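**Student:** Sequence plus predicted model, see below.
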Amino acid sequence: MKIAILGGGISGCALARMLAADGHNVTVIEKTERAGGLCKSRKYGDFTFDEAGGHILFSKDKEVLQWQIDRAGGEAGTQKTVRNTKIRWHDRWVPYPFENGVGHLTKEANVECMTGYIEAYVERRMGKPCPESFGDWIQWRMGDGFARQFMVPYNEKVWERDLNTMASDWVAGRVPEAPIEDILRSSIGVDTEGYTHQSVFWFPLHGGFEAMVKGTVQDGGFDLQCNIEVQRVEKTAGGFKVNGNDYDLVVNTVPLPQIEGAIQDIPENIRKDIQALKPISLINVMIGVKLDEPMPDLSWIYLPFEEQGPTNRVTYYSNYSKFNAPEGHGCFLAEVTHRGQHRHDDKAWLQSVAAGLENAGILRQEQIVLLEACNNEFAYIDQDLEFAARVARVRKWFDESGYLTFGRFGRYEYHNSDQCIKRAKQVHAHIQQLAKTGDQTPLQLP
């Protein structure tokens, strides 16, 4: 088949490579100057940074993990790291996830957290149902103490809204529940490990996370067309047209609000649903520092409190690969989510980000030799209480229409890059069946 894939992020490029290997004629159409999407990286002199957060190569799926490593340079071209992640809780370091580090809090906070957690645990065992809102979910899952000491301030920083106006279903299936025995052990000072699927990760030695995308494009067997905006997509008697060119199949991975105006066949009620799908934006602040001692052996950290500045997460990026910074230097990525109120080119605001990190004990401002930033409009999914019903209608229309759509914002699923690749494999299997039988069965994704 002749297939057009709209958008050259990791979702689109991964699917294109898989389809090209089957012998299909695949064209990826990308609006910007190169493929990558949220996986793009950039260089400032001898510093390398990721544009949209501190990505890592990991997956619960061994095939997907190996696929990522192979595309990113193989075992010889990647660095394997044992995760060392902390929360900066006021003046001390607390292991991540927070419930596994409760024994590192003050005694008063430890008791407060454990009292609330045990009360919440008993209520769940007695049958208290999972609540609809995210704010109530935090109380239901974690209890008052964990909510006040970390979960509420951190998540209010990330999501920039009242947590009770957010749905809980996205997190209910995403965040694993630590065994109560582990939390009890932690509370008396016995270290336990949470989120073990993330305990070891890999990262490209050279080129940042974008190296994985470049490895997907290289010898991928498909036609990547950059600097082309998709202006018109429509069904025809025999297939589809994209910008006037004929195709047998169209697969979208572009954020839905950015592409809906080009797709002529979308009904008006579905357009309204798409237009109501809002993103949360991310400014990634790129900080290069001159070191007078080695970087702490940390992977990334969380900053929940207002006095730590607007940053919610800091990646110790030069620990991922020594080639991310020149000799004698280190580099950080500081993530700040927002809803349009910050500008990445506001130098005074960037200085305030650095000041917050200094106040948190992360760096000293006199160390800074590079302070840059980039904005990502589509970074996180704003999952209000109407989101699930709204996005279900949108997905249903696409799945039954003959168009295919997937990707973090092509389907509005809160997926990391490994999950996007897994989705590409599932869409690939669907297209294989379509090519074999010609049967236009609606796309069904687990």
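**Tutor:** Arrived safely, thanks for sending. Remember, it's a predicted structure, so these values are computed and weren't measured experimentally.

**Student:** How about the contacts made by W170?
**Tutor:** Counting by C-beta atoms under 8 Å, 6 or more residues apart in numbering, W170 touches 134, 381, 383, 414. C-beta: built from backbone N, CA, C; applies to glycine.

**Student:** most neighbours, which of those residues?
**Tutor:** F134 (25 neighbours; other C-beta atoms under 10 Å).

**Student:** so who does that one touch?
**Tutor:** So F134 contacts 155, 159, 163-164, 166-168, 170-171, 383 (C-beta under 8 Å, 6+ apart).

**Student:** again with G143
**Tutor:** 113, 115-121.

**Student:** Would you map the helices across the stretch 51-200 of the chain?
**Tutor:** 62-71, 107-125, 134-146, 152-159, 169-172, 180-187 (DSSP state H, counting those that start in this stretch).

**Student:** so which of those helices gets nearest R390?
**Tutor:** With C-beta to C-beta as the criterion, R390 lies closest to helix 169-172 of those, at 12.7 Å.

**Student:** For that closest one, buried residues please.
**Tutor:** 170-171 (16 or more other C-beta atoms under 10 Å).

**Student:** average pLDDT across it?
**Tutor:** Here helix 169-172 scores 85 as its mean pLDDT.

**Student:** now do stretch 281-292
**Tutor:** For stretch 281-292, the per-residue pLDDT averages 98.

**Student:** Dump it to PDB, restricted to CA.
**Tutor:** Only the C-alpha atoms of stretch 281-292 are listed here, as PDB (Å, rounded to 0.1, in the frame of the first residue of the first chain):
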ATOM      1  CA  SER A 281       2.900  23.200  28.000                       C
ATOM      2  CA  LEU A 282       6.500  22.600  29.200                       C
ATOM      3  CA  ILE A 283       9.500  24.900  29.300                       C
ATOM      4  CA  ASN A 284      12.700  22.900  29.500                       C
ATOM      5  CA  VAL A 285      15.400  25.100  31.100                       C
ATOM      6  CA  MET A 286      18.900  24.000  30.000                       C
ATOM      7  CA  ILE A 287      21.600  24.800  32.500                       C
ATOM      8  CA  GLY A 288      25.300  24.200  32.000                       C
ATOM      9  CA  VAL A 289      27.500  24.600  35.100                       C
ATOM     10  CA  LYS A 290      31.300  24.700  35.700                       C
ATOM     11  CA  LEU A 291      32.000  22.100  38.400                       C
ATOM     12  CA  ASP A 292      34.400  22.400  41.300                       C
END
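
**Student:** quick one: low-confidence parts of the stretch 51-200 of the chain?
**Tutor:** The model of the stretch 51-200 of the chain has pLDDT under 70 over residues 194-198.

**Student:** swap the cut-off to 90 and go again
**Tutor:** Within the stretch 51-200 of the chain, the ranges that satisfy pLDDT under 90 run 53-54, 169-179, 191-199.

**Student:** With the stretch 201-350 of the chain instead?
**Tutor:** If you take pLDDT under 90 as the line, the stretch 201-350 of the chain has these spans: 238.

**Student:** And the helices in it?
**Tutor:** Under DSSP H, counting those that start in this stretch, the stretch 201-350 of the chain gives helices at 210-217, 256-259, 268-275, 347-359.

**Student:** quick one, which of these is packed in tightest?
**Tutor:** helix 210-217 (a mean of 24; mean count of other C-beta atoms under 10 Å).

**Student:** Could you list the domains of the chain?
**Tutor:** The record's domain parsing of the chain by automatic domain parsing lists 2-35+209-278+384-437, 98-192.

**Student:** can I get those domains in CSV with distance to R88?
**Tutor:** Below are the domains of the chain laid out as CSV (distance: least, C-beta to C-beta, whole Å):
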stretch, distance to R88
domain 2-35+209-278+384-437, 23
domain 98-192, 11
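
**Student:** Tell me which of those domains is the most buried.
**Tutor:** The stretch of the domains of the chain with the highest mean neighbour count (mean count of other C-beta under 10 Å) is domain 2-35+209-278+384-437, at a mean of 19.

**Student:** From one end of that one to the other, what's the distance?
**Tutor:** 16 Å (C-alpha to C-alpha, to the nearest Å).

**Student:** helices and strands around the longest helix anywhere in the chain, which ones?
**Tutor:** Determined from DSSP state H, the single longest helix within the chain is helix 417-437. When contacts are defined as 3 or more C-beta pairs under 8 Å, 6 or more residues apart in numbering; DSSP states H and E, helix 417-437 sits against helix 10-21, helix 62-71, strand 249-252, strand 404-405.

**Student:** on that earlier part again, between the helices of the stretch 51-200 of the chain, which gets nearest to T32?
**Tutor:** helix 62-71 (19.9 Å).

**Student:** what comes up buried for that closest one?
**Tutor:** 64-65, 67-69, 71.

**Student:** Can you give the distance from stretch 37-49 to the centre of its chain?
**Tutor:** 17 Å (C-alpha atoms, centre = their mean, to the nearest Å).

**Student:** Tell me who's in contact with R232.
**Tutor:** Here R232 is in contact with 241-244, 262, 264 (C-beta under 8 Å, 6+ apart).

**Student:** ok, the nearest residue to F305 once chain neighbours are set aside to V217 distance?
**Tutor:** Spatial nearest neighbour of F305, chain neighbours left out: P153 (5.9 Å); criterion: C-beta to C-beta, 6 or more residues apart in numbering. The spacing between P153 and V217, counted by C-beta to C-beta, to the nearest Å, is 41 Å.

**Student:** now for the helices of the stretch 201-350 of the chain, which one comes closest to P326?
**Tutor:** Using C-beta to C-beta, the nearest of these to P326 is helix 210-217, at 18.5 Å.

**Student:** helices or strands up against the closest one?
**Tutor:** Secondary-structure packing of helix 210-217 (3+ C-beta pairs under 8 Å, 6+ apart): helix 10-21, helix 62-71.
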